[in-house]
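Enquirer: generate coordinates for the sequence data below:
(4 chains)
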2 protein chains.
Amino acid sequence: MVKKATIADVARLAGVSTATAGRVLGSYGYTKAETRDKVMQAARKLGYRTNALARSLITGRTRTIGVVAGDIQNPFYASILRGIADVVERHEFGLLIVNSDESLEKEIRAVNVLMEKQVDGLIVSPCDTRNARHLRDLQAFGLPLVLLDRAVAGLEVDRVTIDNIAAAGRAVAALLAAGHKRIGLVGELLEEPEGGLAGFIRRGLAGEVLSTDTLYPSWQRLLGYLQAHRQAGLPVDETLIRRVGAYSAEKAQRVAEALIHNADRPTAVFATDGTMSEGVIAAISSARLSVPDQLSLVCFDDLEWMSFLPPGISTMAQPRLAMGEIAATMLLERIEGSQVPARAQVLSAEFVERGSITRRPT
Amino acid sequence: MVKKATIADVARLAGVSTATAGRVLGSYGYTKAETRDKVMQAARKLGYRTNALARSLITGRTRTIGVVAGDIQNPFYASILRGIADVVERHEFGLLIVNSDESLEKEIRAVNVLMEKQVDGLIVSPCDTRNARHLRDLQAFGLPLVLLDRAVAGLEVDRVTIDNIAAAGRAVAALLAAGHKRIGLVGELLEEPEGGLAGFIRRGLAGEVLSTDTLYPSWQRLLGYLQAHRQAGLPVDETLIRRVGAYSAEKAQRVAEALIHNADRPTAVFATDGTMSEGVIAAISSARLSVPDQLSLVCFDDLEWMSFLPPGISTMAQPRLAMGEIAATMLLERIEGSQVPARAQVLSAEFVERGSITRRPT
DNA sequence: CTGAAAGCGCTTACAG
DNA sequence: CTGAAAGCGCTTACAG
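Expert: Next up, the predicted model:
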């Protein structure tokens, strides 16, 4: 175990002051080339390495950002994180990652820990779009924050989200255009809005859902489903809309099974995210239904298997990497001092048409 | 933008010394209940938050560990990272994550950055099992290190790996037992050993491959493939062994296509990891081959789709979460001061039999 | 271009 | 149980 060399050690060996050694080793201020050489040589001899902690304590910046994601194991977050990491690494920043498991309590704790570690900024996919005092405090505190995938009511900070309503609308419209009239929906649909699911459906069809901006993504996608029906002039059968209530493929599978084992099952299903899609496809597989002959399917988010699972699953692909890259870029800009008003980057999902929709005889 | 309150501010408001305030706020040393109350109240009023940087500078510990993984977006690493995060969060440690993309240069840079940030320990999946001076230095430096998935020649530190040779042997033996005699292998096989692929196959069959411990996982799995053939008394057709040379599903797909488009294609294929499996299944899908009727398949690593892709893909499941949990636990033990000799945790993969192997007429 | 001194926000002996 | 003082390893005015 070697004792770590400090700037003082290097300075002593090089025969200069710690201030000068610091200037050379930290590449700031002015130094004579000759001095630089002396110091660098001493540093090399001692195996000197910067202690970023001490530097950060003075400069007030750690060159580290924190990310609070739902679950790094989920491909959705994994890709976003990769996008974030790419940008962050390019700027020589560190990346501190914590899982929230969509629990408000964990999220609060995560934000606290990250603040204590003095991150220069935070990217959070908030698990509660209303109760977010810890995030509002951040803003008051002056710590840059970027919201990911979800917005928070009344919190005006940078964010990057997907145009969920429009995207889901297009996905469902594709089904409608193929003649489907009974389209099932399997959605996570956490965070029940006032009036419950039934109330939401009623208001959604009546065009009475306000502040759609701060709705949870799966609720926004349900809204897209409803709007697509309304635009097609088709009624919505509430019993076809199934709520899983958790980010769990297993639970989604059970919900999907109940939906498709039904005698008068829908002719098509819309799964509102990658996890739901896994559950739905598992249900389809265990029921030995053939897609699209016996059941058409449209998913949301493009997972690897969707391309090679015959007949190819049509889906709304979210630009996950870009979401992460943009969030990180925005955050870095704030850290560099940008004062522009809060930006809302709404990215479009792209419909990837493969083979999981069949035309229904009308 | 609120000015951050420091211990000095709290001490002043509470009318005590900074030492006392520090004792209360940092929960160390002795303090009177009454004093505690005064200090806590002052802290609350000022919105005091600990500056972990300052504390770490003194204590010499950051309660943060660093992980260098190949690619956090890859399900293999994503799950391992989740396992690590679970343990680490439970112990109230932070987690700094960097991607190496299996590039030695990036790995070295990552380790450097993490050291400068003064992590208490590192978990690395080394991308080079020989050139690893940066890792040997770590050891000399006294910084706890746990190796993940791969060992490094001559580096005696804790590590957690999979029994790749045995596991691959069992996977291939299952194919052999079903009467297959022409089994293709699609492997990543980076880091060519001396004598190249052909030389390795020859030595592997002759039982002359030494230091199998520090072989790259895909080479170990190839060795398992060879040993299974030897034990079955069957010759190996070298042309059936295909090297991708990169962790890329796209490249694996092209390699697999070349293998199975062949007129006298193998009757079964063994894919040596999750990424290779994706490439192989994509090739099978685009060639419209039916599994297992036209081609049997065994994979390595159990990805979500393998369970619901008909007919269900048989595979060697690696305990990814456990790998991460164990690695983190080992590291935390070292950080707590454990001095036991370096431990090599070799975990078993479990054969998950589904429907992708069919019996060949003998 | 360089050095002496102060200080970032904590914790740690040491004395009382 | 508490306080005064020193110090962790750097950077930052300030003087020269």
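
Enquirer: just for the stretch 251-362 of chain A, where's the confidence low?
Expert: The stretch 251-362 of chain A contains residues with pLDDT under 70 at A:361-362.

Enquirer: which residue ranges form the strands in it?
Expert: Assigned by DSSP state E, counting those that start in this stretch, the stretch 251-362 of chain A shows strands spanning A:268-271, A:296-300, A:314-317, A:344-347, A:350-352.

Enquirer: buried residues in stretch A:196-205, which are they?
Expert: Residues of stretch A:196-205 classed as buried by neighbour count (16 or more other C-beta atoms under 10 Å in any protein chain shown): A:Leu197, A:Phe200, A:Ile201, A:Arg202, A:Arg203, A:Gly204, A:Leu205. Backbone N, C-alpha and C define where each C-beta goes, glycine included.

Enquirer: can you add pLDDT, secondary structure and distance to A:Ile65 and give those residues back as CSV?
Expert: Below are these laid out as CSV (pLDDT from 0 to 100; DSSP: H, G, I helix; E, B strand; the rest coil; distance: C-beta to C-beta, whole Å):
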residue, pLDDT, secondary structure, distance to A:Ile65
A:Leu197, 94, helix, 37
A:Phe200, 94, helix, 35
A:Ile201, 95, helix, 40
A:Arg202, 93, helix, 42
A:Arg203, 92, helix, 38
A:Gly204, 92, helix, 37
A:Leu205, 92, helix, 42
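
Enquirer: ok, so of those residues, who is nearest B:Phe270?
Expert: A:Leu197 (47.4 Å; C-beta to C-beta).

Enquirer: mind listing what the closest one touches?
Expert: Applying C-beta atoms under 8 Å, 6 or more residues apart in numbering or on different chains, we find A:Leu197 in contact with A:Leu189, A:Glu238, A:Ile241, A:Arg243.

Enquirer: and for the residue in the stretch 201-350 of chain A that DNA strand D sits nearest to, the neighbour number?
Expert: The minimum distance from the stretch 201-350 of chain A to DNA strand D, using C-beta to the nearest atom of the strand, falls at A:Gly337 (14.6 Å). A:Gly337 has 7 neighbours, counted by other C-beta atoms under 10 Å in any protein chain shown.

Enquirer: now do the SS call for A:Glu156.
Expert: coil (DSSP: H, G, I helix; E, B strand; the rest coil).

Enquirer: excluding chain neighbours, give the residue nearest to it in space.
Expert: Using C-beta to C-beta, 6 or more residues apart in numbering or on different chains and skipping residues adjacent in sequence, the residue nearest A:Glu156 is A:Ala342, 4.4 Å away.

Enquirer: surely that neighbour is in contact with A:Gly154?
Expert: No. A:Ala342 is beyond contact range of A:Gly154, at 11.6 Å (criterion: C-beta atoms under 8 Å).

Enquirer: distance check, A:Gly279 against B:Ser79.
Expert: 18 Å (C-beta to C-beta, to the nearest Å).

Enquirer: actually A:Gly355, not the one I typed
Expert: Taken as C-beta to C-beta, the span from A:Gly355 to B:Ser79 is 30 Å.

Enquirer: which of the strands of the stretch 251-362 of chain A is buried the deepest?
Expert: strand A:268-271 (a mean of 30; mean count of other C-beta atoms under 10 Å in any protein chain shown).

Enquirer: ok, that one near chain B or not?
Expert: No. Shown here: strand A:268-271 not in contact with chain B (C-beta under 8 Å from any C-beta of the partner chain), separated by at least 12.9 Å.

Enquirer: tally of neighbours for the residue of the stretch 251-362 of chain A found nearest chain B?
Expert: Residue nearest to chain B within the stretch 251-362 of chain A: A:Trp305 (3.5 Å; C-beta to the nearest C-beta). Using other C-beta under 10 Å, A:Trp305 has 21 neighbouring residues.

Enquirer: repeat that for A:Ser103.
Expert: 14.

Enquirer: same question, A:Leu95
Expert: By other C-beta under 10 Å, 23 other residues sit near A:Leu95.

Enquirer: who are the neighbours in contact with it?
Expert: A:Leu95 neighbours (C-beta under 8 Å, 6+ apart): A:Thr64, A:Ile65, A:Val67, A:Ile84, A:Ala85, A:Val88, A:Glu89, B:Leu96, B:Ile97, B:Val98.

Enquirer: the last one looks like it's in a strand, true?
Expert: It stands for B:Val98. Yes. Under three-state DSSP, B:Val98 sits within a strand.

Enquirer: got the contact list for it?
Expert: Contact analysis of B:Val98 by C-beta under 8 Å, 6+ apart lists A:Ala85, A:Glu89, A:Gly94, A:Leu95, B:Gly66, B:Val67, B:Val68, B:Ala69, B:Lys106, B:Ala110, B:Val113, B:Leu114.

Enquirer: quick check: which element contains A:Val146?
Expert: Here A:Val146 sits within strand A:145-148, counting by DSSP states H and E.

Enquirer: could you say what helices and strands that strand packs with?
Expert: For strand A:145-148, the packing partners by 3 or more C-beta pairs under 8 Å, 6 or more residues apart in numbering or on different chains; DSSP states H and E come out as strand A:121-124, helix A:133-141, strand A:158-162, helix A:320-335.

Enquirer: can you give the strand pairings for that strand, parallel or anti for each?
Expert: strand A:121-124 (parallel), strand A:158-162 (parallel) (DSSP bridges).

Enquirer: which one of the ones you listed lies nearest to DNA strand D?
Expert: Per C-beta to the nearest atom of the strand, nearest to DNA strand D of those: strand A:121-124, 18.7 Å.

Enquirer: dump the closest one to CSV, restricted to CA.
Expert: Output of strand A:121-124 as CSV, limited to C-alpha atoms (Å, rounded to 0.1, in the frame of the first residue of the first chain):
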residue,chain,number,x,y,z
GLY,A,121,-26.7,18.5,-11.9
LEU,A,122,-29.4,15.9,-11.9
ILE,A,123,-31.4,14.0,-14.4
VAL,A,124,-34.5,12.5,-12.9
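
Enquirer: pull the residues that contact it.
Expert: Outside strand A:121-124, the residues that touch it by C-beta under 8 Å, 6+ apart are A:65-68, A:84, A:107, A:111, A:114, A:135, A:138, A:143-148, A:327-328, A:331-332, A:334-335.

Enquirer: again, 7 Å this time
Expert: A:65-68, A:84, A:111, A:114, A:135, A:138, A:143-148, A:327-328, A:331, A:334-335 (C-beta atoms under 7 Å, 6 or more residues apart in numbering or on different chains).

Enquirer: for stretch A:310-326, same thing?
Expert: Against stretch A:310-326 from outside (C-beta under 7 Å, 6+ apart): A:76, A:79-84, A:86-87, A:148, A:160, A:162, A:167, A:171, A:291-292, A:297-302, A:306, A:345, A:347, A:349-357, B:285.

Enquirer: now do stretch A:222-241
Expert: Contacts for stretch A:222-241 (C-beta under 7 Å, 6+ apart): A:164-169, A:172-173, A:176, A:181-185, A:187, A:189, A:198, A:201, A:204-205, A:209, A:212, A:266, A:270.
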